[in-house]
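Undergrad: Okay, sequence plus prediction incoming.
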Amino acid sequence: MIKFQNVSKIYNSDICALDNISLEIKEKEFVSIVGRCGAGKTTLLKLLLAEEKPNSGQVFFQDNDVQKIKSRHLPELRRRVGVIFQDYKLLSSRNVYENVAYVMEVMGASNEEIKRDVPQVLEIVGLTEKRENFPVQLSGGEKQRVAIARALIHRPQLIIADEPTGNLDPYHTQDIIKLLEKINELGTTVILATHYKEIVNGLKKRVVTLEQGRIIRDEEKGRFIL
Amino acid sequence: MPIIISLKRIFNTGWKSFSQNIGLSVATVFVLVLIISLASSLFIIKDATQFVISDLQEKVDVSVYFKEDCPEENILVIKEKVEAISEVKRVEYVSREEALESFQQRHQDDEVLMSSLDELGTNPFLASLNIKSWQASQYASVVNFLENNGFEGQIAKIDYFQKKPVIEKIFSISSQINITGLILGLIFSIIALLIVFNHVRLAILNSKEEIEIQRLVGASNWFIRGPFIVQGIIAGIFAVFISVLIFGLGIFFLSPKIGEIVPGFILFEYFASNFFMILLIQLLVGIGLGVISSSIAIRKYLKV
Ligand SMILES: Nc1ncnc2c1ncn2[C@@H]1O[C@H](COP(=O)(O)OP(=O)(O)OP(=O)(O)O)[C@@H](O)[C@H]1O
Ligand SMILES: [Mg+2]
């Protein structure tokens, strides 16, 4: 489903964020990408969404070379992916409900579908009471849960979760990880980037370890070892 | 169906942003009102000067006076020949009697003149052809034609030479006015465009982050651009509405004054009869500027 081929990314001509990465992820896999701060996890995911361009190498998503997709057609790729951004990326002029509904609006869902699905997903992430709040009126953890709701709402084929629990208490963290596992069981591919040892070790799934832009370990049923 | 839903959403979002950012929207409308008023003023001034110029040009002609003993048939033959010249716009024959009558009518109240005319006993006026050409430069060739085709013997005088400086002045002024108008119009348009573009660019700058997020969650360019364009259209419509109001009122009160400066040009009537043309120009300027400037300003944020 996803293939990185000898991908390197250099920022500002001197910061080497990714160094010759090759990686393949199959349909329905649950892959954790771990590594220290600045190891290049987020950069890897940005390349997949064509938010950044690699300096060399190719990234394939469902057999399409991501860099070759025309700007006009990028939305089609992005609609197949649900992303929980590390920095949430919520629309500040829209409230919680509208932020989640926006993804469905973008896809041309009917008003009935939106009215049916959005409250359900808000219920799942426990934000029903905050539905009228704007992002500035939310705590970090709440914003993170809005981002999670938005990534799930349109039932994407791939969920990219970049540090989805960074701002959550242990109780919510467990909930979200369980949710991701369940979504994965139902057939959605999940990529989880994190530096939380306990989460990764509890999952007992494939772990890819990054260090200074290189893959130093890639194991099925892996553990967080640094 | 999805297209209709999307259009509806685009419109709703546009309207919502317009009414939520009321300060910004008012500023946009204000800028557009200024520009629309400028464009409409230029349009009206252009027509007013055109009116003055053609009025002046209408007054310019060359008269050919024929000798007292020249029979009317000969004059009419000459008239036909002159009419056949392509440079000639119109030829009018004034007989001796008509000349006398119109003189008498013009100076009815001038007793001294009237009594001296009576004393004279005969009609002192000559029959004439009043010739109008399309352009000032063409009079020379018309006069040339008259002087060199065997008519000289019957012609008493041609008043071209004494009128020549005036004629040429009028025409050079009118072409100068046209050129000045064109240049001024161009400069104003460029300034106007710069103002609007800069304003819209600043307005959209605030939305940079939002636009990039929208792209990242899969919104198409049209879905992102649409609401901005809708806002541009709404601002344009409001601006036109206000401009029409301002112009209608302003012109209603100014009309008498303008009538003094440009006799015969009744501004209010002009406004009323050209209302739809003016409205069209205003709508084009208002909505066009709103749409074009927002599309251009947003382009660079859609690259993500
Ligand atoms: N836009 C950018 N411009 C310049 N350098 C960047 C940019 N984004 C990331 N970097 C650099 O690239 C390297 C990898 O960053 P990246 O965000 O991928 O790390 P990460 O593994 O996600 O870290 P974290 O766990 O803190 O989220 C870092 O050294 C970072 O400073
Ligand atoms: Mg990161």
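TA: Nice, I can see it. Ligands and ions are numbered 1, 2, ... in the order given.
Undergrad: ok so residue A:160 is a strand residue?
TA: Yes: inclusion of residue A:160 in a strand is indicated when DSSP: H, G, I helix; E, B strand; the rest coil is applied.
Undergrad: helices and strands of chain A: which one bottoms out on pLDDT?
TA: Least confident element among the helices and strands of chain A, by mean pLDDT, DSSP states H and E: helix A:197-203 (a mean of 88).
Undergrad: How far off centre is that one?
TA: Helix A:197-203 has its C-alpha centroid displaced from the chain centroid by 17 Å (C-alpha atoms, centre = their mean, to the nearest Å).
Undergrad: Identify each buried residue in that helix, please.
TA: Within helix A:197-203, the residues scored as buried using 16 or more other C-beta atoms under 10 Å in any protein chain shown are A:199, A:200, A:203. Where C-beta positions appear, they are placed from N, C-alpha and C, glycine not excepted.
Undergrad: Can you tell me the strand partners of the following helix or strand past it and which way each runs?
TA: Next along the chain after helix A:197-203, taking DSSP states H and E as the criterion, comes strand A:206-211. Paired strands of strand A:206-211, with direction, are strand A:30-35 (parallel), strand A:214-219 (antiparallel) (DSSP bridges).
Undergrad: Check the average confidence over the last one, would you?
TA: Translated: strand A:214-219. Here strand A:214-219 scores 92 as its mean pLDDT.
Undergrad: could I get it in PDB with only the CA atoms?
TA: Once side chains and other backbone atoms are set aside, the C-alpha atoms of strand A:214-219 remain, and they are given as PDB (Å, rounded to 0.1, in the frame of the first residue of the first chain):
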ATOM      1  CA  ARG A 214      17.800   6.300   9.400                       C
ATOM      2  CA  ILE A 215      15.900   3.100  10.100                       C
ATOM      3  CA  ILE A 216      17.900   1.200  12.600                       C
ATOM      4  CA  ARG A 217      15.400  -1.500  13.300                       C
ATOM      5  CA  ASP A 218      12.300  -2.900  11.800                       C
ATOM      6  CA  GLU A 219      10.700  -5.800  13.600                       C
END
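Undergrad: Which residues does that strand contact?
TA: By C-beta atoms under 8 Å, 6 or more residues apart in numbering or on different chains, the surrounding residues in contact with strand A:214-219 are A:19, A:20, A:21, A:22, A:23, A:206, A:207, A:208, A:209, A:210, A:225.
Undergrad: repeat for the first one
TA: Among residues not part of strand A:30-35, those counted as contacts by C-beta under 8 Å, 6+ apart are A:25, A:41, A:44, A:180-181, A:184, A:189-195, A:199-200, A:203, A:205-211, A:222, A:224, A:226.
Undergrad: May I have the beta-bridge partners of the spatially most central residue of chain A?
TA: With distances taken as C-alpha atoms, centre = their mean, the residue of chain A nearest its centroid is residue A:160 (2.1 Å). Partner residues in beta bridges with residue A:160, using DSSP bridges, are residue A:83, residue A:191.
Undergrad: rewinding a little: tell me which of the strands paired with strand A:206-211 sits most buried.
TA: With neighbours defined by mean count of other C-beta atoms under 10 Å in any protein chain shown, none of the strands paired with strand A:206-211 is more surrounded on average than strand A:30-35, at a mean of 24.
Undergrad: near chain B, which residues of chain A show up?
TA: Selection of chain A residues close to chain B by C-beta under 8 Å from any C-beta of the partner chain yields A:49, A:51, A:71-72, A:74-76, A:78-79, A:81, A:83, A:85, A:89-93, A:102-103, A:105-108, A:110-111, A:150.
Undergrad: Pull out the buried members of these.
TA: So, of these, A:49, A:51, A:74-75, A:78-79, A:81, A:83, A:85, A:89-91, A:93, A:102-103, A:105-108, A:150 end up buried under the neighbour-count rule (16+ other C-beta under 10 Å).
Undergrad: Check which helices and strands the longest helix along chain B is in contact with.
TA: For chain B, the helix reaching the highest residue count under DSSP state H is reported as helix B:160-205. When contacts are defined as 3 or more C-beta pairs under 8 Å, 6 or more residues apart in numbering or on different chains; DSSP states H and E, helix B:160-205 sits against helix B:22-59, helix B:139-147, helix B:275-299.
Undergrad: If we only consider the contacts of strand A:214-219, which is nearest to ligand 1?
TA: Looking at these and their distance to ligand 1, the nearest is residue A:210, at 6.7 Å (C-beta to the nearest ligand atom).
Undergrad: per-residue pLDDT, the residue sitting nearest the centre point of chain B?
TA: In chain B, the C-alpha closest to the average C-alpha coordinate belongs to residue B:47, at a distance of 2.3 Å (C-alpha atoms, centre = their mean). On the pLDDT scale, residue B:47 is placed at 79.
Undergrad: Could you report the separation of whichever residue of chain B sits closest to ligand 1 from residue A:161?
TA: Chain B approaches ligand 1 most closely through residue B:304 (12.2 Å), counting by C-beta to the nearest ligand atom. Taking C-beta to C-beta, to the nearest Å as the measure, residue B:304 and residue A:161 are separated by 20 Å.
Undergrad: The two: who's more crowded?
TA: Remark: of residue B:304 and residue A:161, residue A:161 carries more neighbours, 25 against 15, as counted by other C-beta atoms under 10 Å in any protein chain shown.
Undergrad: Let me see the contact set for that one.
TA: A:83, A:84, A:148, A:151, A:180, A:190, A:191, A:192, A:193, A:194.
Undergrad: Same check on residue A:138?
TA: With contacts defined as C-beta under 8 Å, 6+ apart, residue A:138 is in contact with A:96, A:130, A:146.
Undergrad: for those residues, which one is nearest ligand 2?
TA: Relative to ligand 2, the closest of the contacts of residue A:138 is residue A:146; by C-beta to the ion it sits at 18.6 Å.
Undergrad: quick one: secondary structure of residue B:219?
TA: At residue B:219 the chain is in coil, as set by three-state DSSP.
Undergrad: hang on, it packs against residue A:107?
TA: No: in this structure residue B:219 lies outside contact range of residue A:107 using C-beta atoms under 8 Å: 9.2 Å.
Undergrad: quick revisit: tell me the contacts of the residue nearest to the centre of chain A?
TA: By C-beta under 8 Å, 6+ apart, the neighbours of residue A:160 are A:45, A:48, A:49, A:81, A:82, A:83, A:84, A:151, A:191, A:193.
Undergrad: Can you lay out those residues as a markdown table showing distance to residue B:149 and pLDDT?
TA: Listed next are those as a markdown table, based on distance: C-beta to C-beta, whole Å; pLDDT from 0 to 100:
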| residue | distance to residue B:149 | pLDDT |
| --- | --- | --- |
| A:45 | 93 | 94 |
| A:48 | 91 | 94 |
| A:49 | 87 | 93 |
| A:81 | 90 | 95 |
| A:82 | 93 | 95 |
| A:83 | 91 | 96 |
| A:84 | 96 | 95 |
| A:151 | 94 | 95 |
| A:191 | 98 | 96 |
| A:193 | 99 | 95 |
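Undergrad: Now flag whichever of those is closest to ligand 2.
TA: The shortest gap between ligand 2 and any of these belongs to residue A:193, at 6.4 Å (C-beta to the ion).
Undergrad: so who does that closest one touch?
TA: Contact analysis of residue A:193 by C-beta under 8 Å, 6+ apart lists A:32, A:33, A:34, A:41, A:42, A:44, A:45, A:86, A:160, A:161, A:162, A:163.
Undergrad: In JSON lines: those residues, plus distance to residue B:287.
TA: What follows is those, written out as JSON lines (distance: C-beta to C-beta, whole Å):
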{"residue": "A:32", "distance to residue B:287": "53"}
{"residue": "A:33", "distance to residue B:287": "50"}
{"residue": "A:34", "distance to residue B:287": "54"}
{"residue": "A:41", "distance to residue B:287": "47"}
{"residue": "A:42", "distance to residue B:287": "42"}
{"residue": "A:44", "distance to residue B:287": "45"}
{"residue": "A:45", "distance to residue B:287": "42"}
{"residue": "A:86", "distance to residue B:287": "41"}
{"residue": "A:160", "distance to residue B:287": "41"}
{"residue": "A:161", "distance to residue B:287": "44"}
{"residue": "A:162", "distance to residue B:287": "42"}
{"residue": "A:163", "distance to residue B:287": "46"}
